[in-house]
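*Asks:* Predicted model follows, preceded by the sequence.
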Amino acid sequence: MTTSPPGATETELGRTRRARKIGRVLTETHPDAHCELDHANPLELAVATILSAQCTDKKVNEVTPKLFGRYPTAPDYAGADRAELEELIRPTGFYRNKTDSLIKLGRALVERYDGRVPGKLADLVTLPGIGRKTANVILGNAFDVPGITVDTHFQRLVHRWRLTDETDPVKIEHAIGAMYPKRDWTMLSHRIIFHGRRVCHARKPACGACTLAKLCPSYGTGPTEPAPAAKLLKGPRARDLAAAAGVDPELVPQQAVVAEAP
Ligand code: SF4
């Protein structure tokens, strides 16, 4: 007897149920999921998020301790010496544009918000360098306001799971948001992004070592045999991820464990 892949003939309710199951499995799979940009306040998170464009979070975290020490407040960015700021953030790439955004952000915060980062989406998206995705990251992680962060990993995974056909990030945000309780949105986003960085990669997803295999219509996009799949897992918990998927953790090579999640 052949069985249809999950999602093949699904009602809306069935899809929402499967989405929630995916959410529950991800909660168990990635207990360490969190915002990977180091920050201690909304301004630091806004700055780190601007720096993270086209750059790994790890590289941003290497740069920000010195940056945050030198520029602790919005007026510091507003009055920054451009050459000095450029030099500090140069390792994150596109440093001229990013310097521009940081100085303009500092000025806008001083002029319009008394030097503070506002806690509302409608205000955040008016700030230089801050789009809807960044605004949701800031709301969810610095203000505890639930937000869905539709980045490249998020888009790829919800499409692979066939939870939505939408391609516009705002429409994806609404479609996925409707399937989960609002209070879960921020952590759900972290878990999906964690899964995208560590298991369900763009080129070769680790299907044979994935805890979502039974719920995923795209199972088979990557290798399904345990040995080649286990080699694709990434990050310090790669062996735990293998074990959670019922795969021998010994199949995960050491370089996978120390590999930086993209
Ligand atoms: S089964 Fe494969 S495609 Fe589906 S979520 Fe897992 S790694 Fe991604």
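*Replies:* Right, received. Where do you want to start?

*Asks:* In the stretch 101-250 of the chain, what residue spans correspond to strands?
*Replies:* Using DSSP state E, counting those that start in this stretch, no strands are found in the stretch 101-250 of the chain.

*Asks:* Give me every residue in the protein lying close to the ligand.
*Replies:* Proximity of the chain to the ligand, by CB under 6 Å from any ligand atom, involves residues 160, 199-200, 205-207, 210, 212-213, 216, 218-219, 221-222. The way it works is simple: take the backbone N, C-alpha and C, and place the C-beta from them, glycine included.

*Asks:* which of these lies closest to residue 101?
*Replies:* The nearest member of these to residue 101, counting by CB to CB, is residue 200 at 30.5 Å.

*Asks:* what residue ranges in this structure score low on pLDDT?
*Replies:* Applying pLDDT under 70 to the chain flags the ranges 1-4, 7-8, 259-262.

*Asks:* Could you count how many residues lie near the nearest residue to residue 169 once chain neighbours are set aside?
*Replies:* For residue 169, ignoring the flanking residues on the chain, the nearest one in space by CB to CB, 6 or more residues apart in numbering is residue 150 at 4.2 Å. Using other CB atoms under 10 Å, residue 150 is surrounded by 25 other residues.

*Asks:* And the spatially most central residue of the chain, how far from the ligand?
*Replies:* In the chain, the residue lying closest to the centroid (CA atoms, centre = their mean) is residue 193, at 4.1 Å. Residue 193 is 13 Å from the ligand, where distance means CB to the nearest ligand atom, to the nearest Å.

*Asks:* Test my guess that that residue contacts residue 154.
*Replies:* Yes: in terms of CB atoms under 8 Å, residue 193 counts as a neighbour of residue 154; the distance is 6.1 Å.

*Asks:* No further queries at this time; thank you.
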